[in-house]
Each structure stands twice: as structure tokens, then as C-alpha cells.
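1. Provide a 3D model corresponding to the input given below.
(chains A and B)
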Amino acid sequence: MDQSTRESHWAKTKGLMITTLIIWFIFSYLVHWFADSLNNVTFIGFPLGYYMAAQGSLIVFVVLIFWFARRQHSIDVEHGVAEDE
Amino acid sequence: MSVIKGDFIDNLPKVYGLYTGGFVVFILLMAILEQAGVSADTIGILFVAFTVLIYAGIGWLSRTMQVDAYYVAGRQVPALFNGMATAADWMSGASFVAMAGGIYFGGHGYVAFVVGWTGGYVLVASLMAPYLRKFGCYTVPDFIGTRYGGNLARFLAVLVLVIASFTYVTAQINATGTIASRALQIPFEVGVWFGLLGILLCSMLGGMRAVTWTQVAQYIVLIIAYVVPVIWMSNKQGFGLIPQFVYGDAIMRITELETLHGVGTAPAEKIAGLAVLTKAHSVAGSTFAAKWQFATLVLCMMAGTASLPHILMRYFTTPSVKAARQSVAWSLLFIFLLYFTAPALATFTKLQLLDPNLATSIIGKSIAEVNAMEWIQKWSAVKFLAISDANGDGILQINEFFMRGDIVVLATPEIAGLPYVISGLVAAGGMAAAMSTADGLLLAIANALSHDLYYKIIDPKADTKHRLIVARVLLIFIGAAGAFVASLKLTSILGAVAWAFDFAMSGLFFPLVLGIWWKRANRAGAIAGMFFGLLAGTLYLYAVRWGGMEPWLYIDHLRFGIIGAGVSLVAMIVVSLATAEPDAETQRMVDEVRVPKGKTILDSTH
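-> Residues are numbered from 1 along each chain as shown, chains lettered A, B, ... in the order given. Got it, this is the predicted structure:
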């Protein structure tokens, strides 16, 4: 496997990792830092700040990981480094 | 010779479909027996005994003499089923029984555990699991030892693993013992050893292979046992069939009731082990301290998740790197099913107790009336709740009602008037949760000691038979040690669990992450990272918990991982840069780890 493919693959992998972690950061810390203000907003009957901690962030995490797995596999296929099935 | 062959893997949906169907039939059978007048005690015993027997049976069917089956289940576990096994491994007896109670009492601040114990999987998926799977290691110290080289690095990783996992496992064996003793009507000490026997039967004969397939079975039991009572209770009390999405209105109503009942008034006395509701349900703190404490707890639980060896090793068993990533996603989905139900349960329980418009309410009623309720009598008899008329007015105020958090899960069937068979189901679920986590932890410890300490460090010439015998003997020893410590009832469960996360992140998070993502990380750096991280974390814990030191910036004993991991990172970077870069062989190894295609770094029977 040539060096430029390796470098390109790893660069894209790193990019995806950073994107994923940014989204993770927002829903792990940023959103909950403002939970007190968000609680003034009502979302499907819930105070929004509490909702994000009890359910909203969780849904984001599940969707995020499924999306991440798909995206990373596409990157692998694109560079010819995906496993044979 | 293995009984479970390729056919089994191809037929998993059918096999477990049949198993689930069989379990449902069993529940219906118990319901019929209850109607026929069989006593509640007998039904409880049947539930626990039957399910534990099934798990032991699966353990026996999965027996093996092959090293890669024993350590990594032959790498044949499909992503979805591996996800179920991980979810069972993750959700312990304490989570099953105590989480809803924690949410009931702890308000928004406690929900940081819910966020922290789910979001860590994002770190596992993006930073760790696919790469560890490609590496082909049997254990986490195996990765550390091979990536960084040398026996000291491997040994330190084993040390961190044992400290973190043993802390955690004693709490789980304690939970297993508690549930077994209550369900089977035997003394706690006997319950602990009975639980241990069940755990060993599931893990000794087949190692990781047995543990995986047992955990899938245990997940099915625990999720049915958790969700069915909540849905039934919700439907019966008029909250609808999918309580998880509609409990928002209940939260709003609770906010009104909190003012009405004066929630927040301190109780006039202390009753050991029980608490009075004083925190608001959904109010989020506005001070820097409250926000920072939420964020730091989330950070510790998440970084800990990505450092706990018994979880990371669950992704060594998938057939491919792609499957490892998908398996993390499935794990979180299956975990989510319980975690998004717990706050709904806590909210509805609180509503039922507090709302004068509901027949189940107790706050504001006369104490005589409350004491006449069957579930109140039953649970106060076992000291899980207490009523004290502190102001002598004969009416039950919120600060006169003392209870244990566990009641939220354990007493739901009775508060809502569900048939006893549901309580038996809940006991089986709690047992499944506790056993599955204990199994995973014991195996992680025994595997590290047998593979890394015995085989790689002490006797690299040992043959397969010897290695597996040592592994099994160690399992028994560590299990017995854990049961012994559990029977002493030393620490409060939550403390022990949170500390396990902090120990793991202090010693392992950065050595693992940097081992994959920073080629320059070298042996000296990793050794420094593990040693100083663990040392700093432990010293800080001691100082803050027992030494009387004031926490720095609100970082208390539950969050000492921040100090440990911080020191670990700095030590690792400084020492790596100050010493020679890793050799070409190691750098090539890291390059290979980053690419899914190709053979694993370590071959399959190393």
C-alpha cells in the first residue's frame, strides 16, 4: 500500500474523528452547561435542559455512532483499505 | 472440541428468538401458578433458579479448550449480538436497581451519570475499539505490552486493570448476593457464594465464548424485566404505552407539587441508609459550581468508559474492524433502551407518591392511612422505608417519608398493583444484570493475570493446556477473593463504581489513545503515563477522601480521575519527547493498526 494512500486515508480518518468529537463535545458538555436557561424552553412537554440530559443527548450519541461507523467504512472503501467480506 | 460450531453463529436469531419465546412462556407459566395460589416466595425462587440454570447451561454448552475461543470467543460474534452482550456487561446490578432511585433523589445533578455512562461509547468507537480489534490483542495489557514493548509496561497495565476491575467486581458480587438472598430467602453470605457459583459456571468452562453467549441471554432477561413493569405500570395508571416520550407533563406537574409539599425541607432526624426527598426533580443549577460539577462528572464517567478493560475487550470478539465499530453502535442502542426508561420510571414513581389527585399518593395523607397500605408495610418491614411523624400532626409530610432509592425499581410492581409474577421477573432481571457484569469483570482480571502475567511475563513457554488451566484456577481464586470482600460489605456501591472509572482513566486512557494516535509515544512515556497517572490519582483520592484535604476546584473523590489522567498525559508527553523515538518496527506496527485491511498485528494463537 503506497505512502500517499496511507497518508490520505489517515488524514480523512482524523478529520472524521475530530468532527465526531466536536459533536460529542457539544452534546456532552455545551448543551448541559446551559441546562438552567434551556429549562425555560418546553420541548414535547419536557423542560428542554432536563430533556437533553435524560434523553436528548443519548439519542444523539446513538445516532452519532451509527453514522460514524458508516462514514468511516466509506472512507476505508474509498482508499481500498476496507476488509474483504 | 467445541459443541458450538459455525452452525450456531449462522442461526443466532433463531436460537435467541426461541430462547426469548421460551422465557415469555415461562413468565406466563409463573403467572398461571400465581393465579393457582402458588406462594410469592416460591415464584421468586423459581424465577431466579430457572434463569441461573439456563445461564449455567449455556456456559456448559460453550465449553472450550481452544485459546482463541477462551480469550476472544474465536472472533466470531456478530456486531448486533456482541452489542447485546456488551450492554449486559455494562449494566450492572447496581444500575438495574439503583439508577432510577438515584434519578428520583438526585435531580438534574445525578442525571450527569446518565449522560456520562452513555457518551463514553462515542470515545470507544472513534478512538479505541476499531484499532484494538485490528491489533488482535487478547487483553488490554496485551496491547500496551506489544505496542510499547517490554514487561514493565505490560505489568503496569495489568496493575491498573486489576485495581479498577476488582474495585468494580466486589460491588457486583455484593449486588448478586443481595438479590439472590432476597429472592431465594437465604442469608446474604450464602447468597454471595450462590451467586459466585452461578458466575463461575458461566465463565470457567468456556471463558469469553461462554461469557458472551450467556451475556446475550442475560440482556434479553434484563431488558424485558426492566421495561415491561414500567410500560404496564404506565398503561395502568393512565400514562400511556410509551412512557419514555410522554413523561414531560409529569415533570411539569411534579414542579407544582414540589412547591405544594415543601420539597426541600430537611428531615428532623437521620435514619441510616434511608433518605428524604429534598432536591428538585428537574431544576438545573445556575452556579458555576453546579455546572462544573455536572461537566466534570460527565468527563470522568466518559473517559472511564473508554478505559475500562472489561468493556474494551468486548470488541475483540467481533469478526472484523468494521463489525467492531458497528458493535459499539449496537451496544449503545441496547444500553439506551434501559437508560431512557429509568428517568421515566423515577418521574412516574415520584408523581404517584406525591400527587393528591392519584389514588396511589401518600404525601399529604394521614399517616394511619399510609401505614395501612400493603406495600408500605412490606417494605418498612425489611427497613427499605420508614415513616416518622416528626411534627406530630398525624399527616405525612415529604420530610417525614424516608426510603431507599432501590424502592423505585423494586416496589414499582406493588405500588401500581401489578401481579406478583412481575416482582419475580424484576428479581430475575436484577440477577441477570449483576451476574453479567461480574462475569465480564472476573474474566477481564483472570485473563490479564493468566495471559499477561503468567504466560507473557512469567512462563512464555507454557503450552495451551497449561495456560487455560492457570486461567481457570485464577478465575476461581479471584472470584472467591471478590466474594469474601463483598461479604464484608465495606463500601457504598456508588462510591466503588465511580472510583473504578477514575482508576481506569488515570492509568490507561492516555496510554491507549496516544498509542494509536501518536506514533512518537514510546515505552518510557507509557510507563511514566501509567505509573504517575495511577499514583497521582490514588494520592489525590486518599487526600480528599480520608486526608482532609480541600478539593481543588470542586474536584472531589468521585472525580479524582481528572487529576490522574491529567498527570498521566503530561508525564507521557514529556517523557516520550525526552527519550528516543520508537523503533521502525513499532512505527510500522502503528501504521498497520490504522488500516482495517490485512492481518491482525498479533496472530491468532499468540
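
2. what's around B:Ala275, how many residues?
-> By the criterion of other Cβ atoms under 10 Å in any protein chain shown, B:Ala275 has 18 neighbours. To be clear about C-beta, it is placed using only N, CA and C from the backbone, and glycine gets the same treatment.

3. And it, its phi and psi?
-> phi -140, psi 160 (degrees, to the nearest 10).

4. Settle this for me: it is touching B:Tyr104, isn't it.
-> No: taking contacts as Cβ atoms under 8 Å, B:Ala275 lies outside contact range of B:Tyr104: 9.6 Å.

5. overlap in contacts of these two?
-> By Cβ atoms under 8 Å, 6 or more residues apart in numbering or on different chains, B:Ala275 and B:Tyr104 have these common neighbours: B:Gly405.

6. so what's the residue in chain A that chain B sits nearest to up against?
-> Per Cβ to the nearest Cβ, A:Gly45 is where chain A lies closest to chain B, at 2.8 Å. By Cβ under 8 Å, 6+ apart, the contact set of A:Gly45 is B:Val246, B:Gly248, B:Asp249, B:Ile251, B:Met252.

7. Wait, B:Leu541 touches B:Trp499, no?
-> Yes: using Cβ under 8 Å, B:Leu541 makes contact with B:Trp499 at a distance of 7.0 Å.

8. out of these two, which sits in the busier spot?
-> B:Trp499 (26 against 23).

9. gap between that one and chain A?
-> 21 Å (Cβ to the nearest Cβ, to the nearest Å).

10. Contacts only, for that residue.
-> Per Cβ under 8 Å, 6+ apart, neighbours of B:Trp499: B:Thr167, B:Leu541, B:His557, B:Leu558, B:Phe560.

11. burial count for B:Ile395?
-> 16.

12. Can you read off the backbone torsions of it?
-> phi -110, psi 150.

13. Spit out the contact partners of the spatially closest residue to it that is not a sequence neighbour.
-> In space, and not counting its chain neighbours, B:Ile395 is closest to B:Ser366: 5.8 Å by Cβ to Cβ, 6 or more residues apart in numbering or on different chains. B:Ser366 is in contact with B:Gly394, B:Ile395, B:Leu396, counting by Cβ under 8 Å, 6+ apart.

14. again, only this time at 10 Å
-> B:Ser366 makes contacts with B:Ala372, B:Asp393, B:Gly394, B:Ile395, B:Leu396, as judged by Cβ atoms under 10 Å, 6 or more residues apart in numbering or on different chains.

15. ok, it to B:Phe401 distance?
-> 13 Å (Cβ to Cβ, to the nearest Å).

16. ok, now B:Phe560?
-> 34 Å.

17. quick one, which of these two is more surrounded?
-> B:Phe560 (28 against 23).

18. which residues does the more buried one contact?
-> B:300, B:498-499, B:502-503, B:505-506, B:536-545, B:551.

19. secondary structure element for the nearest residue to it once chain neighbours are set aside?
-> Nearest non-adjacent residue to B:Phe560, counting by Cβ to Cβ, 6+ apart: B:Leu541, 4.3 Å away. Under DSSP states H and E, the secondary-structure element containing B:Leu541 is helix B:523-545.
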